[in-house]
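Engineer: Model the following, please.
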Amino acid sequence: MMRILAEESPFLEQVSIDEAFVDISPGRFSNEHPIVVADRIQKNVRSLGISCSIGLGTSKTIAKIASDIDKPNGLTVVYPGRESNFLQPLPVRKLSGIGARAEQRLNELGINTLGQLAQTEQSVLSSVFGKNTELMIARCKGLDASPVVGDADTKSVSNEMTFSINLTDINEIRQAVVMLCAKVGRRLRRKQLKGYTFTLKVRYDDLSIRTAQRTVDHPADDEQQFAPLLCDLITEVWQPGQELRLIGIATSSFDSRPEQLSLFESSELGVQTSIDPQSGREPKRAHKRSLIEATDKVRDRFGESAVRYGRELHFNEMHTGTIAQKDDCLSDQQ
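Structural biologist: Next comes the predicted model:
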């Protein structure tokens, strides 16, 4: 489920095994209406054989409460400007952070609803909430401004796909690897990360798994740099005649490290290249990098599907939909 959420926005904050906040504010990552995104999330989660309830709101407090209103598989939307009307009649226990003991103390003060709590003087509530009193009053009014943030360092950035038809042709396998590399590269650049270690994972028709890995001298976030490397690893995990059910790509080792510099090599994976004496850069590489950056900007503004390669359309038709493209692995999920 978290993988599905990560596909919709890089602003993902997982708070428990089955709960998370996702910032899908229009313009931050996608221009789609949040309801459209929420409907797609529910559809993709259902393909896993489970259901989810979603709350949409202008703050994490509103979204959390709204997600509990209509279960299972509900979608509750609190439109901007309607936060107060939504919160006022609800019992105080609906607000996260108010447990049984705090509820009892509030009830003893004659405070039973969030509307009543929002109108109570801060001095009266300080005995219940202490230093968090001001924050709790703001949340009761729908004024929670806390951002959606991750709570762990990224250990790897990865993407995988399970195919409805097993892959047996080397050209098709290479195309799948290149497609997944593009998705990983996109995520790396969004996170402003560059990796040293690249891993190719395959799952055969009998569900057994094999991986191959390479660590390079210089970190990369550009799929045009590391896709050829991963294509070269195919022969280490696949032989003609074998059927591949799944292919996955992962990048890791983001920590900076000392590098041996050379007068005769570019800084791209240690591969010798020709350099333009005037610009000091490899002409073709500079052009390709500009193209990738331009593509990223288009997708940031208009959504991930705004610019797509033909191979993506081909493999989208072969996606089983049972395993979402993989999200970033966090340190507490290793």
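
Engineer: Find the nearest non-adjacent residue to Ala227, please.
Structural biologist: Leaving out its chain neighbours, the residue that sits closest to Ala227 by C-beta to C-beta, 6 or more residues apart in numbering is Cys181, at 4.0 Å. Any C-beta I mention is one placed from the backbone N, CA and C, and that applies to glycine too.

Engineer: mind listing what's buried in the lengthiest strand in the chain?
Structural biologist: Criterion DSSP state E: the longest strand present in the chain is strand 154-167. Neighbour counts over strand 154-167 (16 or more other C-beta atoms under 10 Å) mark Thr154, Lys155, Ser156, Val157, Ser158, Asn159, Glu160, Met161, Thr162, Phe163, Leu167 as buried.

Engineer: ditto for stretch 83-92
Structural biologist: Buried residues in stretch 83-92 (16+ other C-beta under 10 Å): Glu83, Phe86, Leu87, Gln88, Leu90, Val92.

Engineer: residues near Ala6, how many?
Structural biologist: Using other C-beta atoms under 10 Å, Ala6 is surrounded by 22 other residues.

Engineer: who does the host helix or strand of it touch, helix- and strand-wise?
Structural biologist: In the assignment (DSSP states H and E), Ala6 maps to helix 2-8. The helices and strands touching helix 2-8, judged by 3 or more C-beta pairs under 8 Å, 6 or more residues apart in numbering; DSSP states H and E, are strand 12-16, strand 19-22, helix 34-46.

Engineer: What's the mean pLDDT across that helix?
Structural biologist: The average pLDDT within helix 2-8 is 87.

Engineer: again, but for stretch 109-127
Structural biologist: Averaged across stretch 109-127, the pLDDT comes to 93.

Engineer: got it, and stretch 246-260?
Structural biologist: When pLDDT is averaged over stretch 246-260, the result is 78.

Engineer: before we move on, the earlier item: separation between the residue nearest to Ala227 and Pro228?
Structural biologist: Counting by C-beta to C-beta, to the nearest Å, the gap from Cys181 to Pro228 is 9 Å.

Engineer: what about the two, which has more around it?
Structural biologist: For Cys181 versus Pro228, neighbours defined as other C-beta under 10 Å are more numerous around Cys181 (25 against 15).

Engineer: Strands of this structure, start to end?
Structural biologist: Under the criterion DSSP E, the chain contains strands at 12-16, 19-22, 54-56, 75-77, 154-167, 195-204, 209-220, 244-252, 329-330.

Engineer: Alpha carbons of the fifth one, as CSV, please.
Structural biologist: What follows is the C-alpha trace of strand 154-167 in CSV, where atoms were taken according to Å, rounded to 0.1, in the frame of the first residue of the first chain:
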residue,chain,number,x,y,z
THR,A,154,16.2,6.8,2.7
LYS,A,155,18.4,3.7,2.3
SER,A,156,17.5,2.9,-1.2
VAL,A,157,15.4,4.1,-4.1
SER,A,158,13.8,1.3,-6.2
ASN,A,159,11.1,0.3,-8.6
GLU,A,160,9.8,-3.1,-9.7
MET,A,161,7.1,-4.5,-11.9
THR,A,162,5.3,-7.8,-12.1
PHE,A,163,4.2,-8.8,-15.6
SER,A,164,1.0,-10.5,-16.7
ILE,A,165,2.9,-12.2,-19.4
ASN,A,166,6.3,-13.6,-18.5
LEU,A,167,9.3,-12.0,-20.4
